[in-house]
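Chemist: The following comprises the amino acid sequence and a computationally predicted model.
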Amino acid sequence: MHIVILGGGIGGLTTALSLHAAGIACKVYEATTEIKPLGVGINVLPHSVRELTELGLLPRLDAIGIRTEELVYATKRGEIIWREPRGTFAGYRWPQFSIHRGDLQMLLFDAVVERMGQDAVVTGHRATAVTQDGARATAHFVDVAGKALPDAGADLVVASDGIHSAIRTQFFPNEGPPVWSKRILWRGTTVAKPFLTGASMMLAGYAWKKWVCYPIRQLESENGEPRQLINWIAELTFDSTDLHAPQDWNRLGKLEDFMPDFEKWNFGWMHVGKMIRDAQAVYEYPMSDRNPAPTWVQGRCVLLGDAAHAMYPIGSNGASQAILDARKLAHALATQPTIESALAAYEAERLPATAKLLELTRAEGPDAVMQRVEERAPGGFDDLEKVLPLAEREAIAARYKLAAGFDMQTLNGKPSLSVIRSTG
Ligand SMILES: Cc1cc2nc3c(=O)[nH]c(=O)nc-3n(C[C@H](O)[C@H](O)[C@H](O)COP(=O)(O)OP(=O)(O)OC[C@H]3O[C@@H](n4cnc5c(N)ncnc54)[C@H](O)[C@@H]3O)c2cc1C
């Protein structure tokens, strides 16, 4: 069996590593001319860290990321409303990582090259379409100048070509662009001193004005002062339904578009305005997703990662769900009697699971505690218990965990998706 993977992002590279571990030959075709460490921070949840651990990557994750210790919700003044442990600190067998997306992509890329050779990833190949003839699928490509390149034939083509997937458009030509949420995210990284535990992920504010922040890289101390690379997101909601900007992860943002809303936020333990001003670069992203697709499979072509289920970057699902897709697909291909039955098993498990998560990311999530406090005490409070009793805070957190399937016992006891490598 030979598999062609379109897109060398988190999903495509994890698919390559998982197929290789299962003894299935594959090759990745990436549109950009070079795999570069792009993006800012992301979180990888315990269920997907488990999958990367089974691919032998845990020590490398530890070398580049930070084990997330806790999740903290605060008001716009920095008063802490809720805190809960995460990953191994919460009792999961695997950690949660806060990490630079580019570092994770390079980690996966380096592992692919080490294990499968330099030729395993071909760059400068933008897939335009997949055609099929019985049990063969053929991917068609152009280079950066739009010039046609030789085709690649395979028993199966996996389209992991991201939120603007050309192959998803081929599947569903009338779908149109991703759906904008009326929210804009300004994302950046800043070198600063550690805050709270030094491994805390924190959210502050309320529904239409939110600040998210977590460290993603440990740095050398400076003059004896500890330093970290801190990832932050400033989020604003707008009334207009006109799309503000294209969904381009690399589009640079302007401070004047959002700074006035956050400049004066000073928690004592973090000065938000200073954090924004000291940023290395600021990127603007209109928070968008796609409605669930009716199917991810057409003959010998299958969607994976954002191409299958682009979601809001809320609840740390983007990279985590792509990793889970990759592992499930490789497991199904290695254990099912036919490619067709493997694709059916993959779709039957992953499509409904991600559609449910997508619905959750669109609804009010666990950060509802912030909104409740803002509504009830916008000017501040002396006693949080009188504004939002602990029982109510606990109920909000518990409701989300149940719906999102973050059940610790289930994950800790779930059988492995690793397969015994075929020697044939
Ligand atoms: C440059 C970049 C920066 C990002 N930054 C962030 C971030 O800061 N925070 C965040 O939450 N998420 C970010 N994301 C999205 C995040 O990586 C994904 O949501 C998640 O990891 C799912 O991974 P994926 O492999 O499905 O998609 P992606 O990681 O988006 O990877 C898709 C890959 O396919 C390639 N590609 C696209 N079209 C074609 C084509 N036609 N043919 C061949 N290859 C193609 C792309 O160049 C990319 O390498 C970023 C994505 C990209 C591409």
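Modeler: Thanks, I have it.

Chemist: Enumerate the beta-bridge partners assigned to residue 27.
Modeler: For residue 27, the beta-bridge partners are residue 4 (DSSP bridges).

Chemist: Isn't it up against residue 122?
Modeler: Yes - taking Cβ atoms under 8 Å as the definition, residue 27 is a contact partner of residue 122 at 6.6 Å. (C-beta placed from N, C-alpha, C; glycine too.)

Chemist: Contacts for the top helix by length along the chain next, please.
Modeler: Ranked by number of residues, the top helix in the chain under DSSP state H is helix 339-362. Applying Cβ atoms under 8 Å, 6 or more residues apart in numbering, the contact partners of helix 339-362 are 1, 135, 155-156, 181, 289, 292-293, 295-297, 300, 302, 308-309, 311-312, 314-315, 317, 321, 324-325, 328-329, 332-333, 335-336, 400, 403-405.

Chemist: Likewise for stretch 261-278?
Modeler: 74, 76-78, 188, 190-192, 195-196, 204-205, 209, 211, 213, 230, 232, 234, 236, 255, 258-259, 282.

Chemist: Could you measure from residue 175 over to residue 18?
Modeler: Note on residue 175: its distance to residue 18, by Cβ to Cβ, to the nearest Å, is 28 Å.

Chemist: If you count surrounding residues, which of these two has more?
Modeler: residue 18 (27 against 13; other Cβ atoms under 10 Å).

Chemist: Need the pLDDT of that one.
Modeler: pLDDT for residue 18: 98.

Chemist: I'd assumed residue 325 was in contact with it.
Modeler: No - applying Cβ under 8 Å, one finds residue 18 not in contact with residue 325, separated by 9.7 Å.

Chemist: so what does the lowest-mean-pLDDT helix or strand in the chain touch, helix or strand wise?
Modeler: Taking mean pLDDT, DSSP states H and E as the measure, the chain has helix 408-413 as its least confident helix or strand, at a mean of 77. On a contact count with 3 or more Cβ pairs under 8 Å, 6 or more residues apart in numbering; DSSP states H and E, helix 408-413 meets helix 46-54.

Chemist: Sort out which residues of the helix it packs on are buried, please.
Modeler: Neighbour-count burial for helix 46-54, counted by 16 or more other Cβ atoms under 10 Å, picks out 46, 47, 48, 49, 50, 51, 52, 53, 54.

Chemist: low-confidence ranges in this structure?
Modeler: Applying pLDDT under 70 to the chain picks out residues 241-246, 402-406, 420-424.

Chemist: what residues does it put near the ligand?
Modeler: 6-12, 29-32, 38-40, 42, 101, 126-127, 160-162, 166, 187, 249-250, 305-307, 313, 318-319, 322 (Cβ under 6 Å from any ligand atom).

Chemist: Show the buried residues in those.
Modeler: 6-12, 29-31, 39-40, 42, 101, 126-127, 160-162, 166, 187, 305-307, 313, 318-319, 322.

Chemist: what's the closest of the buried residues of helix 46-54 to residue 87?
Modeler: Residue 87 has its nearest neighbour among the buried residues of helix 46-54 in residue 46, at 5.4 Å by Cβ to Cβ.

Chemist: Surely the closest one is in contact with residue 92?
Modeler: Yes - using Cβ under 8 Å, residue 46 makes contact with residue 92 at a distance of 4.0 Å.

Chemist: Can you check which residues contact both of these two?
Modeler: residue 411.

Chemist: What ranges does the chain have for its helices?
Modeler: So, for the chain - with DSSP H - the helices run 10-21, 46-54, 58-64, 101-116, 166-171, 259-262, 272-277, 306-309, 318-335, 339-362, 368-376, 384-387, 390-404, 408-413.

Chemist: Give the burial count for the residue nearest to residue 218 when sequence neighbours are not counted, as a bare number.
Modeler: Closest residue in space to residue 218, ignoring its immediate chain neighbours: residue 228 at 6.0 Å, by Cβ to Cβ, 6 or more residues apart in numbering. Using other Cβ under 10 Å, the number of residues around residue 228 comes to 22.

Chemist: which residues pair with residue 228 across the strands?
Modeler: Beta-bridge pairing of residue 228 under DSSP bridges involves residue 192, residue 218.

Chemist: Enumerate every residue touching it.
Modeler: By Cβ under 8 Å, 6+ apart, the residues touching residue 228 are 66, 191, 192, 193, 194, 198, 215, 216, 217, 218, 219.

Chemist: gap between residue 50 and residue 108?
Modeler: Using Cβ to Cβ, which is the criterion applied here, residue 50 is 16 Å from residue 108.

Chemist: Same check on residue 115?
Modeler: 11 Å.

Chemist: More neighbours: which of the two?
Modeler: Neighbours per residue, other Cβ under 10 Å: of residue 115 and residue 108, the larger number sits with residue 108, 27 against 14.

Chemist: How about that one, nearest residue that isn't a chain neighbour?
Modeler: residue 13 (3.7 Å).

Chemist: now do residue 65
Modeler: Closest residue to residue 65 apart from its sequence neighbours, by Cβ to Cβ, 6+ apart: residue 99 at 3.5 Å.

Chemist: wouldn't that neighbour be in contact with residue 61 here?
Modeler: Yes - using Cβ under 8 Å, residue 99 is in contact with residue 61, at 7.1 Å.

Chemist: which residues does whichever residue of the stretch 1-150 of the chain sits closest to the ligand contact?
Modeler: Closest to the ligand within the stretch 1-150 of the chain is residue 9: 1.9 Å, counting by Cβ to the nearest ligand atom. Applying Cβ under 8 Å, 6+ apart to residue 9 gives the contacts 105, 160, 162, 305, 306, 322.

Chemist: again, only this time at 10 Å
Modeler: By Cβ atoms under 10 Å, 6 or more residues apart in numbering, the contact set of residue 9 is 28, 30-32, 35, 38-39, 101, 104-105, 108-109, 160-162, 305-307, 318-319, 322.

Chemist: Number of residues surrounding residue 189?
Modeler: Counted with other Cβ under 10 Å, the neighbours of residue 189 add up to 24.

Chemist: whoops, I mixed them up, residue 120
Modeler: Using other Cβ under 10 Å, residue 120 is surrounded by 21 other residues.

Chemist: which non-adjacent residue is nearest it?
Modeler: Residue 120's closest residue in space is residue 112 (Cβ to Cβ, 6+ apart), at 5.3 Å.

Chemist: distance of that neighbour from residue 387?
Modeler: 51 Å.

Chemist: Off-centre distance for stretch 50-66?
Modeler: Distance of stretch 50-66 from the chain centroid (Cα atoms, centre = their mean, to the nearest Å) equals 16 Å.

Chemist: Only the buried residues of that stretch, if you could.
Modeler: 50-55, 57-58, 60-61, 64-66.
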